[in-house]
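Student: predicted model, plus sequence, below.
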Amino acid sequence: MSDKKLAGIWMDSENAIVVKNHDIESAYKFFVCDPVKRDVQHGNSSEKNANNVEQTNTAKFFKDLEHLITNTQELYLTGTGTIQEQFKNHLAETAQFKNLKVTLDTDQKMSDEQFLEKVKSHFGG
């Protein structure tokens, strides 16, 4: 298996499943990280306020994901909707990740185990 540090993220607007084959130190076999959830606010008084909270929550969600993929060399990014495209653009604008090779895809929700297998097969594992 490759000693490249690889990761996969399945995400929608509220959750993400992260699978990677490395920790901070070394690459070995693929494993599922703890799920990442996006905070969702309900019942804001103004649309402007709701929009600001929404942007803050998305930024925090992206930061949490960035933390998990630190040192990743290739990323498989998939999910429902357009949030994964937003995240890909966010990474491209972030100095630490601007040279990260990202493959973008679209997939329906799947179990952690199904996604783990999908990431393995995507990277030829």
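Tutor: Everything's here; your move. All figures in this text were calculated on a predicted structure; none of them were measured in a lab.
Student: mean confidence for the lengthiest helix in the chain?
Tutor: Longest helix of the chain, by residue count under DSSP state H: helix 47-68. Across helix 47-68, pLDDT averages out at 92.
Student: what pairs with the one helix or strand in the chain whose mean pLDDT sits lowest, and is each one parallel or antiparallel?
Tutor: When each helix and strand of the chain is scored by mean pLDDT, DSSP states H and E, strand 27-32 comes last, with a mean of 90. Neighbouring strands of strand 27-32 in its sheet, by DSSP bridges, are strand 15-22 (antiparallel).
Student: buried set for stretch 54-74?
Tutor: Applying a neighbour-count criterion of 16 or more other CB atoms under 10 Å, one finds 54, 57-58, 61-62, 65-66, 68-69, 72-74 buried in stretch 54-74. From N, CA and C alone the C-beta is placed, and that goes for glycine too.
Student: if we can go back for a sec, C-terminal to the longest helix of the chain, what's the next element?
Tutor: Beyond helix 47-68 on the C-terminal side, the first helix or strand identified by DSSP states H and E is strand 74-79.
Student: what's that next one packed up against?
Tutor: strand 6-11, helix 83-92, strand 101-104, helix 112-122 (3 or more CB pairs under 8 Å, 6 or more residues apart in numbering; DSSP states H and E).
Student: angle of it against strand 6-11?
Tutor: Strand 74-79 and strand 6-11 meet at an angle of 10 degrees, taking axes from the mean of the first three to the mean of the last three CA atoms, to 10 degrees as the criterion.
Student: can you list the strands that strand 74-79 pairs with?
Tutor: Here, using DSSP bridges, strand 74-79 pairs with strand 6-11 (parallel), strand 101-104 (parallel).
Student: now, of those, which is deepest in the fold?
Tutor: With neighbours taken as mean count of other CB atoms under 10 Å, those reach their highest mean count in strand 6-11, at a mean of 26.
Student: quick one: contacts of it?
Tutor: When contacts are defined by CB atoms under 8 Å, 6 or more residues apart in numbering, strand 6-11 is touched by residues 16-22, 27, 30, 65, 68-69, 72-79, 83-84, 87, 107, 109-110, 115, 118-119, 122-123.
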